[in-house]
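In: Got a predicted structure here, sequence first:
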Amino acid sequence: MAFITWDESFSVGVDLIDKQHQELFGFINAFHEDRANLEHTIEDLLSYVDFHFKTEEKYFKDFGYEKREDHESQHKFYEDKVREFFKQFLQGNTLISEEVENFVRDWIAHHIKVADKEYTKCFNEHGLK
Ligand SMILES: [Fe+2]
Ligand SMILES: [Fe+2]
C-alpha cells in the first residue's frame, strides 16, 4: 500500500493543482519507499515542493488572494523543515526517522485539506478550474 494516496477528498477544485498534488504524492511515496536512493528522492521531493508552492504563489499574486501572506508562511515553514531534514541527511544522519517521514506526509495532507481548499473560490472566480 502506498504511503499516501490521492483521492477526491484532496481535490481543491482546480485541475492543474490537483494534478500537481498527485505528482507531489508520487514524490512523497518515492521518498518513503526508495531507501537506497534517499539522497535523490529527498532532493527530487524538495524541488517539486518548491515548484508546486511557486505555482500556487504565482496565482495568489495574480488574483490578489486575501490569505496570501499566511499561506505563503505555511509554505515556507514546510520547505524549511524538509530542507533541514535534507541537510541533516547530507551531514551523515542517514537514518530518516518514521517521525520525519510521517511529518512530510501528514503536514502536506493537512495543508491541502485546510489551507489549499480555502483558495478554491478565489481561483475559480478568476477562471481557474
Ligand atoms: Fe498545494
Ligand atoms: Fe499551499
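Out: Happy to help now that I have it. Ligands and ions are numbered 1, 2, ... in the order given.

In: Which SSE is immediately downstream of whichever helix in the chain runs longest?
Out: In the chain, taking DSSP state H as the definition, the longest helix is helix 38-63. Going down the chain from helix 38-63, the next helix or strand is helix 68-90, by DSSP states H and E.

In: Any buried residues in that next one, and which?
Out: Neighbour counts over helix 68-90 (16 or more other CB atoms under 10 Å) mark 68, 71-72, 74-75, 78, 82, 85-86, 89 as buried. Glycine gets a C-beta too; all of them are placed from N, C-alpha and C.

In: do the same with stretch 17-31
Out: In stretch 17-31, counting by 16+ other CB under 10 Å, buried: 17-18, 20-21, 24-31.

In: again, but for stretch 31-43
Out: So stretch 31-43, judged by 16+ other CB under 10 Å, has buried residues 31-32, 38, 41-42.

In: Among those, which one lies nearest to ligand 2?
Out: Ranked by distance to ligand 2 (CB to the ion), those are led by residue 31 at 18.6 Å.

In: tell me the angle the strand or helix carrying the closest one makes with helix 68-90.
Out: Using DSSP H and E, residue 31 sits in helix 15-33. Between helix 15-33 and helix 68-90, the angle comes out at 20 degrees (axes from the mean of the first three to the mean of the last three CA atoms, to 10 degrees).
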